[in-house]
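Undergrad: here is my input, please return the structure:
(4 chains)
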Number of protein chains: 4
Amino acid sequence: MADFVWPIRVYYEDTDSGGVVYHANYLHFMERARTEWLRDLGFEQDQLNQQYNCIFAVHSMQLNFRCPARFNDEIVVITTVSKVSGASFEFDQKIVRNDELLCDATVKIACLDATRFRAKSIPSFILTEIQGEC
Amino acid sequence: MADFVWPIRVYYEDTDSGGVVYHANYLHFMERARTEWLRDLGFEQDQLNQQYNCIFAVHSMQLNFRCPARFNDEIVVITTVSKVSGASFEFDQKIVRNDELLCDATVKIACLDATRFRAKSIPSFILTEIQGEC
Amino acid sequence: MADFVWPIRVYYEDTDSGGVVYHANYLHFMERARTEWLRDLGFEQDQLNQQYNCIFAVHSMQLNFRCPARFNDEIVVITTVSKVSGASFEFDQKIVRNDELLCDATVKIACLDATRFRAKSIPSFILTEIQGEC
Amino acid sequence: MADFVWPIRVYYEDTDSGGVVYHANYLHFMERARTEWLRDLGFEQDQLNQQYNCIFAVHSMQLNFRCPARFNDEIVVITTVSKVSGASFEFDQKIVRNDELLCDATVKIACLDATRFRAKSIPSFILTEIQGEC
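TA: Just a heads-up that it's a prediction; the model follows:
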């Protein structure tokens, strides 16, 4: 159950006129981290789509916004797989600045047929790798 | 417990290369609907900020993505207040296309001091109006 | 050479921590207006893509940011076709708040094959309608 | 006249249902590069705002979209200062993938009073550094 750590810099595009990161943009940061986690395991999502007609889509998520990030902050997304089944898996994700927790989430990802957006089994060679992380 | 209904058109900006609305953008749609709900009650958030130094921020949310919206879709956000306390309130929000449920969420909103981002009481004249909706 | 007028409300998602609309988001507003202009002429871009394999993409643009829009502003995008050729056309677009010019742009749109992203002729029944606007 | 090179990875958030990067998002990439260019010169924009009440805002830009970037692409933004005056400066920016030019732009940046959004002189210690790059 290794943590995957991905650093992100906050730019103007990420903020809103409240002076802080716009709440929906934390979801961008978490997705970047999941993409890099998958890449780190050896999987490129464009190839998975083209070769296996499978995409990984967010099925559901629970989010807590605890403290705002601001323009120019260097933040870190910490990603851990917490559960795996045959057609979905779950992440715990935390966004932190130094030692301060800004946002945390539980994110359930489903494997979908890329054409019909219906649930399908995670290809076994990927499932094996994900289970190894859990 | 009246439903507030806000129609939204899906544009290219809202979609991603999966061919569907990017998951974080449903949060934009829900926030537009909450903004219009508040306006409909008679409150403009820029004035609340300037006159009462208060902003309404998302504290936490639970989201289920059930079926994707696509470019050019006409969708509707249905917003209902489900709980109110002195410093926060909760919405049920559903995004539908015709009679099909695309996404639903429970969203907890906290009243914050706009300068320090600390919890503060909802001004009483607003609280009264919100309680009337619940 | 009729003006097409499309109203837009500025939400938190559109702003940045400078307190104003993030510069790239004016491009969203202009594209919404061009989409609605095309719809008003009777053309739905999802159908043009499916039936004629054609999409309209931005080829080039010149933009002047004159005065910032802010959260909660009601602004208007004024769109006029200024030039048409067989495979592209040009718009003048202005974003105004009351009588104040906030942003203006010249936008060249190319008709592309949706699969290969190569220039192709505008289908003649669309070209006729666009020329009628010019 | 040194080139400043900033690499960027394309994520789902950057794309649209045409299967390519949404045109307005190239402006995000260019702004990230300008922010990092300024940081590389030794200037943090949050400090410039707090200490000198100055922000750098896009005054105008000319953009050519030549070839689309796609999900998962590794692209590079190449930034060069081409002109400097007392209250503004101009960049040439190119976005490339390997040796292929995807998008190029001329971007004029104005120094503004952060409160009133009026033009003001670039602080001289910054101007000196920028002129050294030109």
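Undergrad: when you work out contacts or count neighbours from here on, use the C-alpha atoms and nothing else.
TA: Noted.
Undergrad: can you tell me what sits against the lowest-mean-pLDDT helix or strand in chain A?
TA: Within chain A, no helix or strand scores below helix A:124-133, which has a mean of 92 by mean pLDDT, DSSP states H and E. Here helix A:124-133 makes contact (Cα atoms under 8 Å, 6 or more residues apart in numbering or on different chains) with A:1, A:2, A:41, A:43, A:81, A:84, A:86.
Undergrad: so residue A:70 sits in a strand?
TA: No. Residue A:70 sits outside any strand when classified using DSSP: H, G, I helix; E, B strand; the rest coil, being coil.
Undergrad: related to what we said a few turns ago, out of the contacts of helix A:124-133, who's nearest chain D?
TA: residue A:43 (11.4 Å; Cα to the nearest Cα).
Undergrad: and for the residue lying closest to that closest one once chain neighbours are set aside, the neighbour number?
TA: Of all residues not flanking residue A:43 in the chain, residue A:126 sits nearest, at 7.9 Å (Cα to Cα, 6 or more residues apart in numbering or on different chains). Counted with other Cα atoms under 10 Å in any protein chain shown, residues neighbouring residue A:126 total 15.
Undergrad: please list the residues of chain A that sit near chain C.
TA: Within chain A, the positions lying close to chain C (Cα under 8 Å from any Cα of the partner chain) are A:12, A:13, A:14, A:15, A:16, A:17, A:18, A:19, A:20, A:22, A:71.
Undergrad: farthest-separated two in those?
TA: A:13 and A:18 (13.1 Å; Cα to Cα).
Undergrad: neighbour-wise, which of those two wins?
TA: residue A:13 (25 against 21).
Undergrad: confidence score at that one?
TA: At residue A:13, the pLDDT value in this model is 98.
Undergrad: then residue A:9?
TA: With respect to pLDDT, residue A:9 has a value of 98.
Undergrad: run through the residues that contact the nearest residue to it once chain neighbours are set aside.
TA: Nearest non-adjacent residue to residue A:9, counting by Cα to Cα, 6+ apart: residue A:74, 4.7 Å away. Going by Cα under 8 Å, 6+ apart, residue A:74 touches A:7, A:8, A:9, A:10, A:97.
Undergrad: tell me which element the first one falls in.
TA: When secondary structure is defined using DSSP states H and E, the element that contains residue A:7 is strand A:4-9.
Undergrad: got the angle for that strand vs helix A:124-133?
TA: With axes from the mean of the first three to the mean of the last three Cα atoms, to 10 degrees as the basis, strand A:4-9 and helix A:124-133 are set at 90 degrees to each other.
Undergrad: ok, strand A:4-9: who's next to it in the sheet?
TA: Partners of strand A:4-9 in the sheet, by DSSP bridges, are strand A:74-84 (antiparallel).
Undergrad: give me the contact list for stretch A:77-92.
TA: Residues from elsewhere that reach stretch A:77-92 (Cα under 8 Å, 6+ apart): A:1-8, A:29-30, A:33-34, A:37, A:93-96, A:104-111, A:119-122, A:127, A:130-131, A:133-134.
Undergrad: so which residues of chain A form helices?
TA: Under the criterion DSSP state H, chain A contains helices at A:25-41, A:45-52, A:124-133.
Undergrad: what's the most buried one of the ones you listed?
TA: Neighbour counts (mean count of other Cα atoms under 10 Å in any protein chain shown) averaged over each of the helices of chain A peak at helix A:25-41, with a mean of 19.
Undergrad: which other helices and strands contact it?
TA: Applying 3 or more Cα pairs under 8 Å, 6 or more residues apart in numbering or on different chains; DSSP states H and E, we find helix A:25-41 packed against strand A:4-9, strand A:74-84.
Undergrad: quick one: that helix to chain centroid distance?
TA: Mean C-alpha position of helix A:25-41 versus that of the full chain (Cα atoms, centre = their mean, to the nearest Å) differs by 4 Å.
Undergrad: residue A:103 and residue B:28: what is the separation?
TA: Using Cα to Cα, to the nearest Å, residue A:103 is found at 18 Å from residue B:28.
Undergrad: state the number of residues packed around residue A:21.
TA: Neighbour count of residue A:21, defined by other Cα under 10 Å: 23.
Undergrad: check contacts around it.
TA: Contacts of residue A:21 (Cα under 8 Å, 6+ apart): A:10, A:14, A:15, A:68, A:69, A:70, A:71.
Undergrad: repeat that for residue A:95.
TA: Taking Cα under 8 Å, 6+ apart as the criterion, residue A:95 is in contact with A:75, A:76, A:77, A:78, A:101, A:102, A:103, A:104.
Undergrad: try 6 Å
TA: By Cα atoms under 6 Å, 6 or more residues apart in numbering or on different chains, the contact list for residue A:95 reads A:76, A:77, A:102, A:103.
Undergrad: with residue A:105 instead?
TA: A:62, A:63, A:92, A:93.
Undergrad: pLDDT below threshold where in chain A?
TA: For chain A, the stretches with pLDDT under 70 are A:1.
Undergrad: specify the residue positioned farthest from the middle of it.
TA: Distance to the chain centre peaks in chain A at residue A:17, reaching 25.8 Å (criterion: Cα atoms, centre = their mean).
Undergrad: phi first, then psi, for that one.
TA: Backbone geometry at residue A:17, expressed as degrees, to the nearest 10, gives phi -70, psi 0.
Undergrad: repeat that for residue A:24.
TA: Dihedral angles of residue A:24 (phi, psi; degrees, to the nearest 10) stand at phi -70, psi -20.
Undergrad: mind naming the longest strand for chain A?
TA: Longest strand of chain A, by residue count under DSSP state E: strand A:100-113.
Undergrad: and that strand, what's buried?
TA: Residues of strand A:100-113 classed as buried by neighbour count (16 or more other Cα atoms under 10 Å in any protein chain shown): A:101-113.
Undergrad: what's the answer for stretch A:7-14, then?
TA: Quick answer for stretch A:7-14 (16+ other Cα under 10 Å): A:8, A:10, A:11, A:12, A:13, A:14.
Undergrad: again, but for stretch A:82-101
TA: Of the residues in stretch A:82-101, A:82, A:84, A:87-97, A:101 count as buried by neighbour count, 16+ other Cα under 10 Å.
Undergrad: out of these, who's nearest chain D?
TA: Nearest to chain D, judged by Cα to the nearest Cα, of those is residue A:97 at 16.4 Å.
Undergrad: and the closest one, what is it in contact with?
TA: For residue A:97, the contact set (Cα under 6 Å, 6+ apart) comprises residue A:75.
Undergrad: and with 8 Å instead?
TA: A:69, A:73, A:74, A:75, A:76.
Undergrad: for residue A:118, same thing?
TA: residue A:112.
Undergrad: phi, psi for it please.
TA: The phi/psi pair for residue A:118 (degrees, to the nearest 10) reads phi -110, psi 150.
Undergrad: okay, it and residue D:60: tell me how far apart.
TA: In terms of Cα to Cα, residue A:118 sits 45 Å off from residue D:60.
Undergrad: and if you look at residue A:93?
TA: Relative to residue D:60, and taking Cα to Cα, residue A:93 is found at 39 Å.
Undergrad: what's the answer for residue A:75, then?
TA: Taken as Cα to Cα, the span from residue A:75 to residue D:60 is 31 Å.
Undergrad: before we move on, what about residue A:116?
TA: Going from residue A:116 to residue D:60 by Cα to Cα gives 43 Å.
Undergrad: settle it for me: which of those two has more neighbours?
TA: Remark: of residue A:116 and residue D:60, residue D:60 carries more neighbours, 20 against 8, as counted by other Cα under 10 Å.
Undergrad: isn't the more buried one right up against residue C:61?
TA: No. The pair residue D:60 and residue C:61 does not pass the contact test of Cα atoms under 8 Å, sitting 10.6 Å apart.
Undergrad: perfect, I'm done here.
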